[in-house]
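**Q** Need coordinates for the below:
(one chain, ligands or ions: 1)
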Amino acid sequence: MEGRADVGAALHQACSGWSARLRAVHGTGAPLGRHTTDVPAEAAGAARRVAEVLQQARRVLVLGHAGADGDVCGSSLGLAAALRELGKEVVVYNEERYPDAWRWLPGGSAVATTLNARERFDCTVAVDAARPERLGRDFPPPGRRGTFVWIDHHKIDPAPGDVSYVDPTAAAVGEQVAAVLEVLGHPLSLDVAQCLYASLLADTGGFRYGNTSARAFRLAARLVEAGVDPWLMTERIYESQDEARMRLLGKVLSSMWLSPCGRAGLVEVRAHDMSRFGARAEHVQGLVNHVRGIKGVEIAVLLRELPDGTAVVLRSRGNIAAAPIAAALGGRGHKNAATFTVEGDLASTRQRVVEAVLAALPAVEPTKGERAAE
Ligand SMILES: [Mn+2]
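**A** Numbers count the residues shown, from 1 in each chain. Down below sits the predicted model:
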């Protein structure tokens, strides 16, 4: 693609040799809390307060962020199924239909995509939302929410709920839902267990990421004891891909660009290909991981052409923080991941993104032959 050779040469200058040095500084990048065996005391207290609120409520709304992922779907549906078993009336809302990978979960096809403007709840529970603005267009105003409960493993200060249960050591919000159900003394039905297992599977990348704690494995064991069939879950979630996604993957990978030093990779999803293959937004989820998965790639970028701008997805291996790159482009992100939308077409966005990635690479002297030695 045009202009890429120049950008690549500049990247090469900037990024050679820094990776080994960073690893020496930061060790293996294991996050704090990885070996946490118990729920932190503060979080345990919060789980108890959430359980008390839910016990009192008769009519409950459960919702997560728009663009639902496996943790939103699994923790929402798991909580909803348990509350229904406890005799409560529950509405699960998301402004978009859940992706097929998660929609088959118990209750998944009954998720409301609109809420009547007169609906009132005794309690509204937001899960895995990160920020209240992401809860969708029909997220009720304070007067109709009832008690607002915030359950999340993303850090937020101050937490927005009337009652908030924030635990960044939880691998998935499904873990936090399980903790609340434990306080309630509610046994895990197969329906609930399948949903919570899906949430764990999604946020630990199939028990592979650094957040896969002993605690996560212990919950997984309990869920399997409750009847979850791991292969059935894998098959329905990961081995039931739509043909459109695989056709798109082929096209996207053929667009792949790697910096000369091999530490940054970029792929693009064109609107034309989306419509040609009949692909939906959910089919783009996870494609960027194929680029991060290349040996030597520290940061992967996926750009998706939209009618009114470009979506930017960043995934880091842990040595480059994604959040400052996102901030430089006017977006927001986490340590290893960021997804946001910018104005501007694919070509101009590509240029800006590559420049931002370039600026994020620490300026250190190139180390000869370092990559070959890795
Ligand atoms: Mn999550």
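**Q** low-scoring stretches of the stretch 1-150 of the chain, by residue?
**A** Along the stretch 1-150 of the chain, the parts satisfying pLDDT under 70 run over 1-37.
**Q** Spell out the secondary structure type for the nearest residue in space to Ile294 that is not next to it in sequence.
**A** Using Cβ to Cβ, 6 or more residues apart in numbering and skipping the chain neighbours, the partner closest in space to Ile294 is Gly265 (6.1 Å). Using the backbone N, CA and C atoms, a C-beta is placed for each residue, glycine as well. When the structure is reduced to helix, strand and coil (DSSP: H, G, I helix; E, B strand; the rest coil), Gly265 reads as strand.
**Q** Could you shift the numbering so residue one becomes 18, and keep it that way?
**A** All set: I'll call the first residue 18, so the last point we hit is now Gly282.
**Q** what sits against Gly282?
**A** Shown here is Gly282, whose contacts under the criterion Cβ atoms under 8 Å, 6 or more residues apart in numbering are Met273, Trp274, Leu275, Ser276, Val308, Arg309, Ile311, Val314, Ile316, Ala317, Val318.
**Q** Next, count neighbours for the residue of the stretch 68-217 of the chain found nearest the ion.
**A** Closest residue of the stretch 68-217 of the chain to the ion, Cβ to the ion: Asp88 (3.4 Å). Residues contacting Asp88 under the criterion other Cβ atoms under 10 Å number 28.
**Q** pretty sure it contacts Asp220?
**A** Yes - here Asp88 lies in contact with Asp220, judged by Cβ atoms under 8 Å, at a distance of 4.6 Å.
**Q** Leaving out the residues flanking it, which one is nearest to the closest residue to the ion within the stretch 168-317 of the chain?
**A** Using Cβ to the ion, the single residue of the stretch 168-317 of the chain nearest to the ion is Asp220, 4.5 Å away. Once its chain neighbours are removed from consideration, Asp220 has its nearest residue in Ala189; the separation is 3.7 Å (Cβ to Cβ, 6+ apart).
**Q** circling back to that earlier point, filter the contacts of Gly282 down to the ones in strands?
**A** When DSSP state E defines the strands, the subset of those inside them is Trp274, Leu275, Ile316, Ala317, Val318.
**Q** Now the two most distant members of these.
**A** Spanning the widest gap among the ones in strands among the contacts of Gly282 are Trp274 and Ile316, at 12.8 Å by Cβ to Cβ.
**Q** which bits of the stretch 218-367 of the chain sit near the ion?
**A** Residues of the stretch 218-367 of the chain that fall close to the ion, judged by Cβ under 5 Å from the ion: Asp220.
**Q** Helices along the stretch 218-367 of the chain, start to end?
**A** When secondary structure is read from DSSP state H, counting those that start in this stretch, the stretch 218-367 of the chain shows helices at 231-242, 247-255, 260-271, 288-294, 306-309, 339-345, 363-377.
**Q** Out of these, which gets nearest to Arg76?
**A** helix 231-242 (27.8 Å).
**Q** Buried residues, the helix or strand containing Thr141. List them.
**A** Using DSSP states H and E, Thr141 sits in strand 140-144. In terms of neighbour count (16 or more other Cβ atoms under 10 Å), strand 140-144 has its buried residues at Cys140, Thr141, Val142, Ala143, Val144.
**Q** Specify which member of those residues is nearest to Arg161.
**A** Among those, Thr141 lies closest to Arg161 (Cβ to Cβ), at 8.4 Å.
**Q** what's across from that closest one in the sheet?
**A** With DSSP bridges as the criterion, Thr141 is bridged to Leu78, Phe165.
**Q** If we go by neighbour counts, what in stretch 128-139 is buried?
**A** The neighbour-count criterion (16+ other Cβ under 10 Å) identifies Val128, Leu132, Phe138, Asp139 as the buried residues of stretch 128-139.
**Q** Verify the stated contact: Phe224 with Leu236.
**A** No - the pair Phe224 and Leu236 does not pass the contact test of Cβ under 8 Å, sitting 11.1 Å apart.
**Q** count of neighbours near Leu207?
**A** 14.
**Q** excluding its backbone neighbours, what's nearest it?
**A** Distances taken as Cβ to Cβ, 6+ apart place Gly244 nearest to Leu207, at 4.3 Å, with adjacent residues excluded.
**Q** returning to what we had before: what about Trp274 and Ile316, which has more around it?
**A** Here Trp274 and Ile316 are compared on neighbour count by other Cβ under 10 Å; more neighbours surround Ile316, at 26 against 17.
**Q** Would you confirm that Glu192 contacts Arg235?
**A** No - at 9.6 Å, Glu192 and Arg235 do not qualify as touching, with contact defined as Cβ under 8 Å.
**Q** show me the contacts for the closest residue to Ala340 other than its chain neighbours.
**A** Nearest residue to Ala340 in three dimensions, chain neighbours excluded: Gly350, at 4.4 Å (Cβ to Cβ, 6+ apart). Listed by Cβ under 8 Å, 6+ apart, the contact set of Gly350 reads Leu331, Ala339, Ala340, Ile342, Ala343, Ala344, Thr356, Phe357.
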